[in-house]
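J.: model the following, please.
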Amino acid sequence: MSKRIIITGGAGFIGSHVVRLFVNKYPDYTIINLDALTYAGNLENLRDIENKPNYRFAKVNILDVKAVEDLFDQYQVTDVIHLAAESHVDRSIVSPLDFVYTNVIGTVNLLNTAKQKWAADLSNHRFYHVSTDEVYGSLGTEGLFTEETAYDPRSPYSASKASSDHFVRAYHETYHLPVVITNCSNNYGPFHFPEKLIPLFINNILQGKPLPVYGDGLYTRDWLYVKDHALAIDLVFHKGLNGETYNIGGFNEWKNIDLVKLLCQQMDEKLGKPAGTSEQLITYIKDRPGHDRRYAIDATKINRELGWKPTVTFQEGLSETIDWFLANTEWLNNVTSGNYQHYYESMYSNK
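T.: Numbering: from 1, shown residues only. Predicted coordinates:
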């Protein structure tokens with residue numbers, strides 16, 4: 001059956017990779033990119049597929065219930081892949097209510113709409129909620145997050161995502177809404193908004209600016225190449241079991257300072273600079289509040305049950321990511337200057 005899928009947050013970093021994959025891989029599907037185009041939503045991320053016949057864009061905020069309902073009616077939506085979220089921990093510490101509105105209330109708005117519109121027949125529908133490993137809290141030096149790990153969020157961001165996860169599960173249990181949830185580790189790759197560590201540091205090295213490292217630099221994260229994440233989302237969407245949670249990780253732990261030094265090394269090589277040049281920009285700064293010490297995902301379940309595993313090593317993925325940013329300095333300049341926000345007007349103001 002031909003599907004009509006809303007992908008929320010489809011102009012964002014991970015969302016744009018998922019939209020591109022689905023538009024290109026499934027020409028019989030209609031892919032509706034729902035995005036409010038807040039600071040991290042960038043339609044320039046999708047220039048290569050914006051004229052495809054099975055692609056649609058709707059500038060809609062998931063807090064606008066009527067606009068969401070109208071979109072469901074307009075396209076007779078069969079499925080939702082929900083990625084739209086406020087996601088930057090530092091921003092959540094400054095403005096937690098923004099995260100409550102978008103991540104919790106926005107998610108419940110989508111759940112209510114799906115429940116209402118699909119009420120006559122819940123078969124052949126799916127509500128796929130994309131979440132984060134941060135809901136599990138912080139690990140010590142040993143162990144991994146599994147699908148059975150108790151939730152223990154430590155920041156307003158992770159608390160808002162934990163709440164949205166609980167609502168998705170509650171709608172499955174209470175209303176039998178067909179749902180799946182995935183919790184992923186830190187993503188990196190092309191089109192990453194330069195407030196997160198890797199793109200920020202690439203840009204700062206290009207600008208000769210300091211590389212700010214929190215605390216002692218020994219905070220540890222599991223890193224996942226965004227294209228591998230998109231492939232996992234495709235697999236879970238089509239093959240995952242209703243009501244199940246799947247953890248998606250790279251089996252790829254790095255201490256922040258070790259990652260930064262590898263990034264500096266690769267940047268020096270690619271820019272033809274003497275070894276050690278970029279490392280001189282490393283600057284240790286005061287730690288942020290509620291900073292979780294270590295995240296690490298156990299992705300055994302999705303590997304065992306659905307056959308997914310990462311396709312690239314971190315060194316390969318990081319090298320490809322740097323190459324992309326170096327080849328797309330116009331995109332980077334537009335994002336850092338704010339000019340990317342004018343692209344929507346140029347593309348859609350007369351349509």
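
J.: next helix or strand past the helix or strand that Leu97 is a member of?
T.: Leu97 belongs to helix 96-99 when elements are defined using DSSP states H and E. For helix 96-99, the succeeding helix or strand toward the C-terminus, using DSSP H and E, is helix 106-117.

J.: partner strands of whichever strand or helix holds His129 and their direction?
T.: Using DSSP H and E, His129 sits in strand 126-132. Take DSSP bridges as the rule and strand 126-132 pairs in its sheet with strand 79-82 (parallel), strand 179-184 (parallel).

J.: burial count for the closest residue to Asp292 other than its chain neighbours?
T.: Counting by C-beta to C-beta, 6 or more residues apart in numbering, Ser138 is the residue found nearest to Asp292 once chain neighbours are left out, at 3.7 Å. In this view, the C-beta of every residue, glycine as well, is placed from N, C-alpha and C. Applying other C-beta atoms under 10 Å, we find 17 residues neighbouring Ser138.

J.: in this structure Ser138 contacts Gly290, no?
T.: No. Using C-beta atoms under 8 Å, Ser138 and Gly290 do not qualify as a contacting pair, with a distance of 9.2 Å.

J.: now for these two: what residues contact both?
T.: A shared contact of Ser138 and Gly290, defined by C-beta atoms under 8 Å, 6 or more residues apart in numbering, is any residue touching both; here these are Arg154.

J.: run the chain-centre distance for the helix holding Leu97.
T.: 18 Å (C-alpha atoms, centre = their mean, to the nearest Å).

J.: what are the buried residues along that helix?
T.: Of the residues in helix 96-99, those buried by neighbour count under the rule 16 or more other C-beta atoms under 10 Å are 96, 99.

J.: please save the CA atoms from it in CSV.
T.: Extracted in CSV, the C-alpha atoms of helix 96-99 (Å, rounded to 0.1, in the frame of the first residue of the first chain):
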residue,chain,number,x,y,z
PRO,A,96,13.3,24.8,29.9
LEU,A,97,9.7,25.8,29.1
ASP,A,98,10.5,25.8,25.3
PHE,A,99,11.4,22.2,25.7
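
J.: name the residues that touch that helix?
T.: The contact list for helix 96-99 (C-beta under 8 Å, 6+ apart) reads 86, 91-92, 156-157, 160.

J.: highest neighbour count among those?
T.: For these, neighbours were counted using other C-beta under 10 Å, and Ser160 has the most, 28 neighbours in all.

J.: go ahead and confirm that residue touches Ser92.
T.: Yes. Distance between Ser160 and Ser92: 7.2 Å, which falls inside the contact criterion (C-beta under 8 Å).

J.: which residues do those two both contact?
T.: Common neighbours of Ser160 and Ser92 (C-beta under 8 Å, 6+ apart) are 86, 99.

J.: pLDDT weak spots in the chain?
T.: Flagging of the chain using pLDDT under 70 yields the residue ranges 1, 340-341, 343-344, 347-351.

J.: now the nearest residue to Arg126 once chain neighbours are set aside: how far from Thr30?
T.: In space, not counting the residues next to it along the chain, Arg126 is nearest to Asp79; the distance is 4.7 Å by C-beta to C-beta, 6+ apart. Here the criterion is C-beta to C-beta, to the nearest Å. By it, Asp79 lies 11 Å from Thr30.

J.: quickly list what's touching both of the two.
T.: Counting by C-beta under 8 Å, 6+ apart, the residues touching both Asp79 and Thr30 are 3-5.

J.: ok, so of those, who is nearest Asp70?
T.: Comparing the shared contacts of Asp79 and Thr30 against Asp70 with C-beta to C-beta picks out Arg4 as the nearest, at 14.1 Å.

J.: show me what contacts that closest one?
T.: Contacts of Arg4 (C-beta under 8 Å, 6+ apart): 29-30, 32, 75-79.

J.: counting only helices, which of those residues make the cut?
T.: In helices, judged by DSSP state H, the following of the contacts of Arg4 are found: Tyr75.

J.: select only the buried ones of the contacts of Arg4 in ChimeraX?
T.: This is the ChimeraX syntax for the buried subset of those, where burial follows 16+ other C-beta under 10 Å:
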select :29,30,32,75,77,78,79
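
J.: now for the contacts of Arg4, which pair is the farthest apart?
T.: Of all the pairs that the contacts of Arg4 form, the one spanning the most space (C-beta to C-beta) is Tyr29 and Gln76, at 12.9 Å.

J.: show me the contacts of helix 96-99 that map onto helices.
T.: Secondary structure from DSSP H places 91-92, 156-157, 160 of those in helices.

J.: could you point out which element follows the host helix or strand of Pro212?
T.: Of the helices and strands defined by DSSP H and E, Pro212 is found in strand 211-214. Read in the C-terminal direction, the helix or strand following strand 211-214 is strand 220-225, with elements assigned using DSSP H and E.

J.: which outside residues touch the next helix or strand after that following strand?
T.: Once strand 220-225 ends, the next helix or strand along the chain (criterion: DSSP H and E) is helix 226-239. Contacts of helix 226-239 from elsewhere in the structure, counted by C-beta under 8 Å, 6+ apart, are 13-14, 17-18, 20-22, 25, 79, 81, 126, 128, 130, 180, 182, 184, 187-192, 246, 248, 250, 302, 306-308, 310-312, 317.
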